[in-house]
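In: I'd like to go over a predicted model; first the sequence, then the structure.
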Amino acid sequence: MKIPLGNKGFTLVELLIVIAIIGILSSVVLANVSQGRTKAYDAKVQAQMASIRGDAEIYYITNGNYGITTYSCGLGMFADTASGMVNLTKSVNYPVGENTIVCNSDSVTKTYAVSDNMSGTSTYWCIDSKGTSKQESTSLANSTVCA
């Protein structure tokens, strides 16, 4: 049985069209995966900050204050092992990226604030002793309240 000349297989144009369609679809999928990673990073930062709030309250109940006045994540209540705060304020426990966690506490006003950048950008998630938990455009300087 002879095969007609027109039915031998795909033409070059048909193959190129299929490859182009696959390329377009894969670029859409990769863009969505990248967005998913960014959202996961931000969710991890927000979860860590929520845990800091809980551990800070444990520290306060135990000690009657938020520790010494400090602008370092390695001192005062931020270095406390009993409340677990020391693990939550180490930048190695946050998602990989440009991590800029800032910890401030004031023993006089009995306040604290912590912020960390989100998605490696210039937006920050900030929490403080007043219950504030929000996104900000700047990191904490030497402040114990979110702006």
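Out: That came through fine. In this text, all values refer to a predicted model and were calculated from it rather than measured experimentally. Numbering: from 1, shown residues only.

In: and the nearest residue to residue 99 once chain neighbours are set aside, how many residues sit next to it?
Out: In space, and not counting its chain neighbours, residue 99 is closest to residue 91: 4.4 Å by CB to CB, 6 or more residues apart in numbering. C-beta coordinates here come from the backbone N, C-alpha and C atoms, glycine included. Other residues within reach of residue 91, judged by other CB atoms under 10 Å, total 13.

In: the chain: helices as residue ranges?
Out: Along the chain, the segments classed as helices by DSSP state H run 12-63, 85-88.

In: mind giving me the packing neighbours of the first one?
Out: Translated: helix 12-63. helix 85-88, strand 111-118, strand 123-128, strand 133-136 (3 or more CB pairs under 8 Å, 6 or more residues apart in numbering; DSSP states H and E).

In: average model confidence for the first one?
Out: Confidence over helix 85-88, taken as the mean pLDDT, stands at 89.

In: repeat for the third one
Out: In this model, strand 123-128 has a mean pLDDT of 91.

In: buried set for it?
Out: Using 16 or more other CB atoms under 10 Å as the test for burial, strand 123-128 gives 124-128.

In: circling back: give me whichever of the helices of the chain is most buried.
Out: Burial of the helices of the chain is given as mean neighbour count (mean count of other CB atoms under 10 Å); helix 85-88 ranks first at a mean of 20.

In: just checking, what packs against that helix?
Out: Against helix 85-88 (3+ CB pairs under 8 Å, 6+ apart) you get helix 12-63.

In: could you give the angle of the helix it packs on to strand 111-118?
Out: Counting by axes from the mean of the first three to the mean of the last three CA atoms, to 10 degrees, helix 12-63 lies at 170 degrees to strand 111-118.

In: how big is the angle separating helix 12-63 from strand 123-128?
Out: Inter-element angle recorded for helix 12-63 and strand 123-128: 20 degrees (by the same axes, to 10 degrees).

In: on that earlier part again, quick one: the residue nearest to residue 99 and residue 114 touch, right?
Out: No - contact between residue 91 and residue 114 fails when scored by CB atoms under 8 Å: they sit 11.8 Å apart.

In: confidence score at the residue nearest to residue 88 when sequence neighbours are not counted?
Out: Excluding its sequence neighbours, the residue lying closest to residue 88 (CB to CB, 6+ apart) is residue 52, at 4.9 Å. With respect to pLDDT, residue 52 scores 92.
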